[in-house]
Structures are given as structure tokens and as C-alpha cells.
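A.B. asks: show me how the following folds:
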Amino acid sequence: MKLPASLVHGVAAGRHRGWVRAMMYCFGVTGPVARVGGNYVVLVPPGTAAGWDAAVECVTTTEREAHYIGLPSPRTCEGSRAHWIIPPDGVLSPASAVRALVTAAADINRDDEGPQS
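C.D. replies: Below is the predicted model:
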């Protein structure tokens, strides 16, 4: 799943790699997470995010078409280019944890907008 960096940074209250990683763990996002360009890519089991209406991009493969995402080497955990926030270890993140993070981001954005007239 591709999460916009602005969404993640809003929940983490900053861009610092350590804050982002700690926030991911707090939400239960414990599987691989990479920073790629203006997004964070969270690896979840196939099909677990089907039917979401959230502001995230779900990249998946079907019988008819394949989608690919460029990810860094498993050892690349720092730098200004693509790198892992949580390196791969063979376990994927539960989609429910990603949903909780996205829901929290929506709540933060709603609070930032203030009361509606």
C-alpha cells in the first residue's frame, strides 16, 4: 500500500525516521515499510485491503495484469533515496494496522480543519 508522506508525517508529528518508525510500531505496522519518493510503501498480504475507500493506493496483482513497485535493497535503511523504515524480515504488516493509521490521519486532518459551519 502506498501512503502519502504527508499523511504519515501528520500522524508521526514530523519527518524524523525514528518518529515515523515508532509511530508505525504503535499502530501495529510491524512489517516492511519503505520510503520511496513522496510515499511510504507498506507491504501487506495480497487482497487484504480490497474494498477500501481510504486515501491510499493499493498496488496489487491480478490474473490479467501485474503491478510493480521499485523497492530498495533490503540492506538500504538510510539515505535520501529510497530506503527502508522497517526492513523486511519475512513478515508482512496486517492491513488492519494500516487502516488504523489512515483513520487516525483522517481524524487529525478533520481536527486541523476546525468546526464546520
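A.B. asks: where exactly do the helices run in the chain?
C.D. replies: 5-12, 17-26, 95-113 (DSSP state H).
A.B. asks: so where's this protein uncertain?
C.D. replies: Applying pLDDT under 70 to the chain picks out residues 49-67, 109-117.
A.B. asks: Trp18 and Tyr40, how far apart?
C.D. replies: Residue 18: Gly, not Trp. According to C-beta to C-beta, to the nearest Å, Gly18 stands 14 Å off from Tyr40. Quick note: C-beta positions are derived from backbone N, CA and C, even for glycine.
A.B. asks: likewise for Val102?
C.D. replies: Distance, Val102 to Tyr40, by C-beta to C-beta: 11 Å.
A.B. asks: ok, Val11 next?
C.D. replies: Distance from Val11 to Tyr40, by C-beta to C-beta: 11 Å.
A.B. asks: one step back: of all the helices of the chain, which lies closest to Thr76?
C.D. replies: helix 17-26 (12.6 Å; C-beta to C-beta).
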